[in-house]
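Asks: structure here, sequence nowhere to be found:
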Ligand code: GDP
């Protein structure tokens, strides 16, 4: 087992600087991204009065177990997987390769349809893949309150290594608590250097298994369709550890993953059934409308009467096109549907602003300040991060969920919405789309050009000393 200094600091809730100092006293020179072994980590933890058991250390890289104790006895459901990674690293081609090698035999006459997701079968077990790759779509769904994904496949091209969007994807998956399986892709290329990718992954806290960590990494060639089986089998393994259950006998609930107006058939939506089973004739409430499921078909173009948990299905019968990320639920009657819609108050996600922070902390509503940090240059990130994290009190942790260089993008704002956080820009601009989204969603984007002012502002906000904005 191994752990990065940053993860260790987070696990034992100590300032990374203090941890690094303690490491130095123990004769270990390490920076915040460096990975240290279990023994060293345990020694440092002990210095801070914390007894380390292998579990606690490992827990830092693992997602918290879902807290559905009551679902334990229910049948397992297939995992839902999203592919993420830097542009051109092979996300689309990998999705195609998986589909072509493993799609279940289609019925005679059935045609593979693009419905926004598909299922494959490996060793008799199913895996559902969402067809829109990238962390953008993933976080946009989360910002709407939908949890759509169980596992992330992070595609990293072996000839290119970790790039800015790879880092974004890692942070977005982590902020969502979704486990990451790495596909080191393009291993067919003569310039491929998987070891370099593994080193870079380790630098960012993803230590692969053959280096003593617990991140699963698989070499793949989407082009030559190599490593696909290995990847899929590992996804099943992670699914098993995640213990994904659902109740096929419950009324169906789930989320809209794609929707459009079909000229001849009317509103068509692809939904992912997350719990229960969706049946023809079911009345479902979606967003602020409802309708009866008139027809339902799979990614194979096969007509279905019933769709089990984790199955993506295209449905017909809704009066209008629902929004992507809208959740749906089957109800007993139209009356109940109308009632639910009328009672449904517009659920605004809890937003956090510096001005209201103190009150929210005092009210016990906020225990963690999540910050998306954008700076002009890489060198500004670490000092700002450390200073901000130092502001944590016993009632509040300060967590930089994503830090990167460049303008504040719509994506950054989405992440802040999804994580109930705020955005801080340091000596950097804000894209028009980001500004607009932040305004409508009431997300704070704070901009500074002087580190001292930035830190002081957040500090004041934590202490309730900030001037109300006019
Ligand atoms: P995306 O932007 O991540 O979806 O990347 P694409 O799937 O569109 O792939 C980008 C380019 O890399 C395309 O030209 C692909 O044909 C190529 N590519 C993808 N996977 C592989 C691979 O395993 N080996 C090689 N040699 N090329 C690949």
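Replies: Structure's in. What do you need? These numbers come from a predicted model, not from an experiment.

Asks: where in this protein is pLDDT low?
Replies: 1, 53-72, 103-112, 344-350, 464-470 (pLDDT under 70).

Asks: return the residues of it in contact with the ligand.
Replies: 85, 87-93, 133, 185-186, 188-189, 221-223 (CB under 6 Å from any ligand atom). All C-beta spots, glycine's among them, are computed from the backbone N, C-alpha and C.

Asks: what's the ChimeraX line that selects buried ones from the residues you listed?
Replies: This is how ChimeraX selects the buried members of the residues of the chain next to the ligand, with burial counted by 16 or more other CB atoms under 10 Å:
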select :85,89,90,91,93,133,185,186,188,221,222
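
Asks: show me the residues of the chain next to the ligand that map onto strands.
Replies: Using DSSP state E, the members of the residues of the chain next to the ligand that fall in strands are 85, 185.

Asks: and the residues of the chain next to the ligand, which is closest to residue 280?
Replies: Nearest to residue 280 among these: residue 133, at 30.8 Å, using CB to CB.

Asks: so what's that closest one closest to, chain neighbours aside?
Replies: Using CB to CB, 6 or more residues apart in numbering and skipping residues adjacent in sequence, the residue nearest residue 133 is residue 91, 3.8 Å away.

Asks: just residue 114 next, same as before
Replies: Nearest residue to residue 114, sequence neighbours excluded (CB to CB, 6+ apart): residue 131, at 7.0 Å.

Asks: what's next to the longest helix along the chain, contact-wise?
Replies: The longest helix of the chain (DSSP state H) is helix 228-242. With contact meaning CB atoms under 8 Å, 6 or more residues apart in numbering, helix 228-242 is reached by 63, 66, 76, 78-79, 81, 97-98, 101-102, 120, 122-123, 125, 127, 150-151, 153, 179, 181, 183, 216, 218-220, 222.

Asks: buried subset of those residues, written for ChimeraX?
Replies: Remark: buried members of the contacts of helix 228-242, expressed as a ChimeraX selection using 16+ other CB under 10 Å:
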select :63,78,79,81,97,98,102,120,122,125,127,150,151,153,179,181,183,216,218,219,220,222
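
Asks: inside strands: which ones of the contacts of helix 228-242?
Replies: Reading strands off these with DSSP E, I get 81, 120, 122, 125, 127, 151, 153, 181, 183, 218-219.

Asks: just the helices in the stretch 251-400 of the chain please.
Replies: 334-343, 354-362, 381-389 (DSSP state H, counting those that start in this stretch).

Asks: of all those, which one comes closest to residue 34?
Replies: helix 381-389 (13.0 Å).

Asks: quick one: contacts for the residue sitting nearest the centre point of the chain?
Replies: The residue lying closest to the centre of the chain (CA atoms, centre = their mean) is residue 173, at 3.2 Å. For residue 173, the contact set (CB under 8 Å, 6+ apart) comprises 84, 135, 138, 152, 154, 179-180.

Asks: now, which of those residues sits nearest the ligand?
Replies: residue 84 (9.1 Å; CB to the nearest ligand atom).

Asks: re earlier: and of the residues of the chain next to the ligand, the nearest to residue 272?
Replies: Once CB to CB is applied, the member of these that ends up nearest residue 272 is residue 133, at 15.7 Å.

Asks: quick check: the closest one vs residue 116, distance?
Replies: Taking CB to CB, to the nearest Å as the measure, residue 133 and residue 116 are separated by 12 Å.

Asks: also residue 41?
Replies: Residue 41 is 42 Å from residue 116, by CB to CB.

Asks: my guess is residue 226 contacts residue 189. True?
Replies: No. Counting by CB atoms under 8 Å, residue 226 does not reach residue 189; the two are 11.8 Å apart.

Asks: so how many other residues sit close to residue 248?
Replies: The number of residues packed near residue 248 is 16, by other CB atoms under 10 Å.

Asks: make that residue 438, sorry
Replies: Quick note: residue 438 (other CB under 10 Å) scores 22 neighbours.

Asks: that one and residue 199, how far apart?
Replies: Applying CB to CB, the value for residue 438 to residue 199 is 36 Å.

Asks: same question for residue 28.
Replies: Per CB to CB, residue 28 is found 19 Å from residue 199.

Asks: residue of the stretch 351-470 of the chain with the smallest distance to the ligand?
Replies: For the stretch 351-470 of the chain, CB to the nearest ligand atom, closest residue to the ligand: residue 411, 15.7 Å.
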